[in-house]
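Student: dropping the sequence and predicted coords here.
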Amino acid sequence: METNVRYTIAGLFVIVLFACMTLGIIWLSAGLSVETYEYYNVFMKESVSGLAVDGAVEYNGVSVGTVKSIKINRKDPELVELLLRIRSSTPITEDTTATLNMRGLTGVTFIALRDKGTSRILLRAKPGEPYPVIKTAPSLLMRFDQALTQLNASFHDVSVSVNAVSTQMQKLLDDKNIQHFSNVLQNLTTATQKLSPLIQNSYYMLDTLNRQTLPAANQAISNMNSVMNNMNAVSLELKQNPSVIIRGKTPQPLGPGEK
């Protein structure tokens, strides 16, 4: 009886040991852990080609979770709805953004999370939403595509402007307008030829008037200077001898006893 009990204990020990080893193998192979996870939704308005379920989710380059599902949003077919499984210890705030990213050499697509650090408020689900929604930022490929689109639009605008200018120049330089310009130039040439003698005669008249008028003007100015000099002399004499007004310049005869 005692021998049977020992066999039973030994059998139980082997079973427990085998179970522990099995759980250990499963634990190591499946990567089981006591880490808790939370779920977040991301709505992307661009192609997620290359991203697969169980794809990596990184926060500032650190692996923090995986992509659990990828589907088209039923309310808006332009949106791709992603469900992310992220470690609870990851600080997902209201300023955290999700971007579709690609590894340089391998070409593996993953979700990159970044945070500006301006807000410390943890992201929570809004009323009516099953999970909190992480904001998105355009990927590098999308930004490059937008830049090419803007560049193409700019070239198109420049091309339209050049075509418009070219059209206006063609209208301006048509045969009819060229003939008008030729007529205008011809009329200007004719008018110049007719005005040349008149301008030459005007030069002669001005030269003659100058030669005849200047001597007379100089003589008149000289006469006026003489008159002014005489007036100045009379004024000076009146100041010195006011009796000249009464007696005049002729000396009066001497009276009795005057010498």
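Tutor: Here it is on my side, so go on. Numbering: from 1, shown residues only.

Student: what ranges do the helices span in the stretch 1-150 of the chain?
Tutor: 2-30, 140-172 (DSSP state H, counting those that start in this stretch).

Student: for the ones you listed, which has the smallest mean pLDDT value?
Tutor: The minimum mean pLDDT among these belongs to helix 140-172 (a mean of 63).

Student: quick one: Glu81 and Lys71 touch, right?
Tutor: Yes: using Cβ atoms under 8 Å, Glu81 is in contact with Lys71, at 5.3 Å. The way it works is simple: take the backbone N, C-alpha and C, and place the C-beta from them, glycine included.

Student: who has more neighbours out of the two?
Tutor: Glu81 (17 against 10; other Cβ atoms under 10 Å).

Student: nearest residue to that one other than its sequence neighbours?
Tutor: Asn73 (4.5 Å; Cβ to Cβ, 6 or more residues apart in numbering).

Student: for the one you found, give its distance to Ser47.
Tutor: Using Cβ to Cβ, to the nearest Å, we find Asn73 at a distance of 14 Å from Ser47.

Student: ok, now Leu206?
Tutor: The value you get for Leu206 to Ser47, if Cβ to Cβ is used, is 87 Å.

Student: please apply the same query to Lys194.
Tutor: 78 Å.

Student: comparing the two, which residue is more hemmed in?
Tutor: Shown here are Lys194 and Ser47; by other Cβ under 10 Å, Ser47 has more neighbours (13 against 9).

Student: for the more buried one, which non-adjacent residue is spatially closest?
Tutor: Nearest to Ser47 is Val80, by Cβ to Cβ, 6+ apart, at 7.8 Å.

Student: poorly predicted segments of the stretch 1-150 of the chain, please.
Tutor: Applying pLDDT under 70 to the stretch 1-150 of the chain flags residues 1-7, 10-11, 24, 27-34, 104-107, 141-150.

Student: what about 80?
Tutor: The stretch 1-150 of the chain contains residues with pLDDT under 80 at 1-14, 16-34, 103-107, 117, 119, 139-150.

Student: wouldn't Leu84 be in contact with Gly55 here?
Tutor: No: counting by Cβ under 8 Å, Gly55 is not a contact partner of Leu84; they are 9.7 Å apart.

Student: identify the contacts common to these two.
Tutor: Taking Cβ atoms under 8 Å, 6 or more residues apart in numbering as the criterion, Leu84 and Gly55 both touch 66-67, 111.

Student: in the chain, which strand has the most residues?
Tutor: strand 62-72 (DSSP state E).

Student: how close does Lys71 get to Pro197?
Tutor: 96 Å.
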